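**Student:** Below are the sequence and a predicted model for it; my questions follow.
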Amino acid sequence: MRTIKTTNGAPVDLDGDLLSIMEALYQEVTAKRELERSFEDIVKEIHHLIDQMSDAERRTYLAESLFLNTVKYENDKLEAYMKKLTKK
């Protein structure tokens, strides 16, 4: 398993698990700054991590990101539908 680093030098294992990258982003950008961060801060850190990945690693994480976002989208749609049903 390969390891990349955040801009602060924290290691991030590239094990194919998108949630581990998301946790690293949260810890390094959001938690360490006590929620005082901007859109630009998080995007800069994401780009820093992406720049260290190979094309194959990027493809792996893009596929997982699309999968997780599709599941989230479906769950949000279902939640809205269920709320509509309970109001009737």
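**Tutor:** Structure's in. What do you need?

**Student:** mind checking how far residue 3 is from residue 64?
**Tutor:** Relative to residue 64, residue 3 is positioned 18 Å away (C-beta to C-beta, to the nearest Å). All C-beta spots, glycine's among them, are computed from the backbone N, C-alpha and C.

**Student:** Who has more neighbours out of the two?
**Tutor:** More neighbours surround residue 64 than the other of residue 3 and residue 64, with 15 against 10 (other C-beta atoms under 10 Å).

**Student:** Relative to residue 17, how far out is that one?
**Tutor:** Taken as C-beta to C-beta, the span from residue 64 to residue 17 is 8 Å.

**Student:** Same check on residue 27?
**Tutor:** According to C-beta to C-beta, residue 27 and residue 17 sit 15 Å apart.

**Student:** next one: residue 25
**Tutor:** Per C-beta to C-beta, residue 25 is found 13 Å from residue 17.

**Student:** quick one, which of these two is more surrounded?
**Tutor:** With neighbours defined as other C-beta under 10 Å, residue 25 and residue 17 compare such that residue 25 has more, 18 against 13.

**Student:** so what does the longest helix anywhere in the chain touch, helix or strand wise?
**Tutor:** Of all segments of type helix in the chain, defined using DSSP state H, the longest is helix 55-87. In this structure, helix 55-87 packs against helix 18-25, with contacts taken as 3 or more C-beta pairs under 8 Å, 6 or more residues apart in numbering; DSSP states H and E.
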